[in-house]
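Peer 1: Model the structure of this input:
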Amino acid sequence: MSQVSPLDPCRSGILVHATFPAEPWISVNDTAIADALCWVQRGQYSTLSPADCYSWPAVARGCHTLVISSSADQPLSYLTPLLTHIILNSIFTSHTSSSGPIAVLLCPGWEKVQAVYDLLGGSKVSQKLYPTTVLLGISKDEAKSVKIPKNCLLLVTTPFSLVRLLSCHCFLFLRLCHLVLDEADQLFSLAPDEMTTILQHFQVTSDKESDSCPPQLIVVAKRWTNHMEGLLSTYMPCPSIVISSLLACVLFPLQVILMTLEISKISVLLGTLGFSPDVGQKTLIVANSFQEVEDVFKVTHGLSVFCLKIHEGLTHDMDFVLEQWKKDIGPGTHVILVTTDDCLKGLDIRDATCVVHYSFPSSPKLFGSRLFCMAENFRNFSKRDQMRSSSAVTRSVLLISERNARHVIGVLRYLERANALLPPELLTFAQGVQMAREDQKTDRPLCSYLKSFGVCRNNGVCPERHRFVSQLDQSELPTSGVIEVVPLHIKTASVFYGRIVEEDGGFEKMASEIASYYAEKKLGAKKLLEGGLYAVQEDDVFHRVKLLSVPDRGGRLFFSVVVCFIDMGKEEEVKSHQILELPEQFHSLPGQAVEIVVCRVKPIDSETSWHPKVTRAISQKIRRLQHRARVVLSLGNTVFVDPMVRVTQIPGMKTVINEYNVQAEILKTGMGIRNPEHVDLLRALCEENSSSVDEGHVSR
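Peer 2: Below you'll find the model as predicted:
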């Protein structure tokens, strides 16, 4: 199969707008990569994507660059040319008069910061640029006390941490020349105010340093957002724009959405065409089958002199159709082409002014490829005169009927980003589709983010369940009152697995008997059965485990199996020879592990997960210690508590004192904030989604 030359961006599905176009790079071997980055050529990044072919030379030349690509979450897609530019041009040698980083890389969260830092640490770049990470909490004076090494030339951080740094150490960023926005769509969604502050600071400092070090802003994102246009017009003069994500094309044309019954589509279509345009117009009508093409052509042919058709049965006419389509047209001329998606691939049309989706696109990717047929008429944001223009030259008309239920949600997300005027009935329809999808998740667990914080940020794509199902979420755990708990497995800073201490002491008695039994003999398991109960020794303690999976041994003597510690809640891989037979008398007591969620706290800075240092600090403080907690809600095997405290009895007295409060300990780290709506959101979820919820399982 012949490979499309990257010298033709449109043929590769790439939209390139550049004030000063650069010759694309064909392969990694042809690029001028610095010696410190040769590891990239040795297999880490062996092939340039079509977007890389155009973005790498722009970044390596020091241009302001905006890249919209499906691989935007891969740091090497921008790091390699950027670091090459910094190292080969020795920009930092001209800045001996001041200290501080010359490049700042902003990531949307601590996990991405760590991933980028690990990537840099594995190369020789660290010996030249001394990359450093900074993740600041909100504790008083934490920002003041932070120390950035004097030899640090590349700082990796988040928008929130950088703003805290700027408030106390703005003088450290006087020679900042390169600002990289990793996953910029996420940055602006999570931290819009912080991004404005950072960009304004960058603009001021770059104006002062522009003579010795031209400023460079690199914006990398998976999708185009409304902030991109402002970035280009305010902070990125003479930019290079590379868009390889076809779905980004949804932002360029005017989006028109029309609801119709399937039997009325033809008449609705005719009302959208506008047969007396003031300017020359080329309209593509995309149908689903050759029969639909014939039906649509029949009614449009009588209204337009220049009406063409092509489908699978007319491929011999393709050259003629293309010849007619490509002819120059003047004002008042309207050329219409009715075709199918399969034929559209071979036509390679890029100069349409309107696309009518007579058949609904079955996927967002197909939607984007149709819109790309108008690429030559999209506004060029690298040109200031077109950037200021608010009128869209191109138009996309989407006909939605009752047959399109399966695909509405996927396309709707992109239409919302385009600020399209969405009919109320479409939103209602989409909401019904979303609810139906949730109803099909009855075999899925309740969303962990929903339980931990009360909301799930990615509700539309999260595979877990977001609705209360009484049969699954009814709980036999305490629903109110005070309980004693022992956290044993610390999953996150606010979610643990552990035991509820029972007054009858049944578990303690069984644990003592198990210890006595294995003190005399330790019989290895003769046969490993999935779902069976066994025992595993950890240090001096014997735990009951349930076998979750047994791999194919393949003749091996030693192998590993996955088990669940049913009294602790953790899942681990253990060696098969560590599995011990568990006598029947120890099978009767149900697994004691319950999930314990500490309510009304969440991570700072819109993070979706706790920083490891917070989880580590809480684990060291609470693990295996008995705590007193007040139950506010129970769902399934999860008990929600607020507060949870460590209670200590004064020796020789009946008096007890609260040694610490777990929520307060989390807040004390500076990496957490209060989440007052947590429990209310969960209760509302129960009341909304199940009228049959037993009031005995939702405490007030």
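Peer 1: Report the buried residues of the one helix or strand residue 284 maps to.
Peer 2: According to DSSP states H and E, residue 284 maps onto strand 281-287. Of the residues in strand 281-287, 281-287 count as buried by neighbour count, 16 or more other C-beta atoms under 10 Å. (Each C-beta comes from the backbone N, C-alpha and C, glycine too.)
Peer 1: try stretch 677-689
Peer 2: 678-679, 682-683, 685-686, 689.
Peer 1: residues in contact with it?
Peer 2: 450-451, 453-455, 466-469, 473, 599-600, 602, 632-633, 635, 640, 642, 693, 698 (C-beta atoms under 8 Å, 6 or more residues apart in numbering).
Peer 1: Residue 369 - how many residues pack around it?
Peer 2: 18 (other C-beta atoms under 10 Å).
Peer 1: mind listing the strands for the stretch 51-200 of the chain?
Peer 2: Applying DSSP state E, counting those that start in this stretch to the stretch 51-200 of the chain gives strands spanning 65-68, 103-106, 132-134, 154-157, 178-181.
Peer 1: now swap in the stretch 551-700 of the chain and tell me
Peer 2: 560-565, 571-575, 580-581, 594-598, 601-603, 627-635, 638-649, 656-661, 672-674.
Peer 1: before we move on, what about the stretch 201-350 of the chain?
Peer 2: With DSSP E, counting those that start in this stretch as the criterion, the stretch 201-350 of the chain has strands spanning 216-221, 240-243, 254-259, 281-287, 307-309, 334-340.
Peer 1: Then the stretch 351-500 of the chain?
Peer 2: Using DSSP E, counting those that start in this stretch, the strands of the stretch 351-500 of the chain run over 354-357, 395-400, 481-490, 495-500.
Peer 1: could the ones you listed go into JSON lines alongside mean pLDDT, mean neighbour count and distance to residue 373?
Peer 2: Shown next, in JSON lines, are the strands of the stretch 351-500 of the chain (pLDDT from 0 to 100; neighbours: other C-beta atoms under 10 Å; distance: least, C-beta to C-beta, whole Å):
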{"stretch": "strand 354-357", "mean pLDDT": "94", "mean neighbour count": "25", "distance to residue 373": "6"}
{"stretch": "strand 395-400", "mean pLDDT": "90", "mean neighbour count": "23", "distance to residue 373": "10"}
{"stretch": "strand 481-490", "mean pLDDT": "95", "mean neighbour count": "18", "distance to residue 373": "54"}
{"stretch": "strand 495-500", "mean pLDDT": "96", "mean neighbour count": "22", "distance to residue 373": "49"}
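Peer 1: Quick check: which of these is nearest to residue 239?
Peer 2: Closest approach to residue 239 among the strands of the stretch 351-500 of the chain (C-beta to C-beta): strand 395-400, 24.9 Å.
Peer 1: List of residues touching the longest helix seen in the chain?
Peer 2: The residue-count maximum for a helix in the chain (DSSP state H) belongs to helix 192-209. For helix 192-209, contacts defined as C-beta under 8 Å, 6+ apart pick out 106, 159-160, 162-163, 166, 170, 173-177, 179, 181, 187-188, 215, 217, 227, 231, 234-235.
Peer 1: Which among those residues count as buried?
Peer 2: 106, 159-160, 162-163, 166, 173, 175-177, 179, 181, 187-188, 215, 217, 227, 231, 235.
Peer 1: sorry, back to before: could you dump the strands of the stretch 201-350 of the chain to TSV with distance to residue 265 and mean pLDDT?
Peer 2: TSV is the format used below for the strands of the stretch 201-350 of the chain (distance: least, C-beta to C-beta, whole Å; pLDDT from 0 to 100):
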stretch	distance to residue 265	mean pLDDT
strand 216-221	35	95
strand 240-243	31	92
strand 254-259	9	87
strand 281-287	10	93
strand 307-309	17	91
strand 334-340	13	92
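Peer 1: out of these, which comes closest to residue 74?
Peer 2: Here strand 216-221 is closest among the strands of the stretch 201-350 of the chain (C-beta to C-beta), at 9.3 Å.
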